[in-house]
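> sequence below, structure please.
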Amino acid sequence: MLERSQKSDLDITEWLLWFLACLQRAIAQAGETLSAVLAKAKFWERFASAPMNEHQIKVLNRLLDGFEGRLTTSKWAKLAKCSQDTAYRDILTLVELDALVKADGGGRSTSYELALSKQSSSFTIEPLL
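Predicted structure coming up:
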């Protein structure tokens, strides 16, 4: 864009619009990253004094970093490299602490989600143009 502006009539309006659009996207991405970091910090601040083992901390961090799909006891066992019985006990403890909640559905397809607080740390960017 800059090269095109330099070779034409030196009107940099088109380049400025392009640059500001790039800047806006970069700020929005930084805002999303900041929101995720703040949400994770807020979660760990909430559970700082809760007794948790290494498996629980490892899997919770994975969930906070954006785990894809539904968390089941078998997926927990694979992530934490433990037995399904241990995974189930870990999950039940976290449900009792209100760190995890049972997702809709049940039976053999029971899954769990993070119990995030109602107040989210969101960072929004107003359009520049």
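> which one's the longest helix in the chain?
Ordering each helix of the chain by length in residues (DSSP state H) puts helix 13-46 first.
> need the residues that contact stretch 83-97.
Stretch 83-97 has contacts (Cβ atoms under 8 Å, 6 or more residues apart in numbering) with 47, 50, 52-53, 55-56, 59-60, 73-74, 76-77, 80, 82, 100-102, 112. Backbone N, C-alpha and C define where each C-beta goes, glycine included.
> hang on, isn't residue 99 packed against residue 112?
No: here residue 99 does not reach residue 112: they are 9.7 Å apart, not a contact under Cβ atoms under 8 Å.
> sorry, back to before: mind checking which of the contacts of stretch 83-97 are in helices?
Going by DSSP H, the helices hold 55-56, 59-60, 73-74, 76-77, 80 from the contacts of stretch 83-97.
> roughly how far apart are residue 110 and residue 37?
Going from residue 110 to residue 37 by Cβ to Cβ, to the nearest Å gives 30 Å.
> those two: which is more packed in?
Neighbour count, other Cβ atoms under 10 Å: between residue 110 and residue 37, residue 110 has more, with 15 against 12.
> how about that one, what does it touch?
72-73, 102-103.
> please apply the same query to residue 53.
So residue 53 contacts residue 90 (Cβ under 8 Å, 6+ apart).
> picking up where we left off before, packing partners for the longest helix of the chain?
Using 3 or more Cβ pairs under 8 Å, 6 or more residues apart in numbering; DSSP states H and E, the elements in contact with helix 13-46 are helix 2-7, helix 54-64.
> what about 7 Å?
If you count contacts as 3 or more Cβ pairs under 7 Å, 6 or more residues apart in numbering; DSSP states H and E, helix 13-46 packs onto helix 2-7.
> ok so, going back, nearest to residue 19, of the contacts of residue 110?
Among those, residue 103 lies closest to residue 19 (Cβ to Cβ), at 43.9 Å.
> my guess is the closest one contacts residue 111. True?
Yes: contact criterion Cβ atoms under 7 Å: residue 103 and residue 111 qualify, at 4.5 Å.
> the two: which is more packed in?
residue 111 (17 against 14).
> wait, doesn't the more buried one sit right on residue 71?
Yes: between residue 111 and residue 71 there is a contact under Cβ under 7 Å: 5.5 Å.
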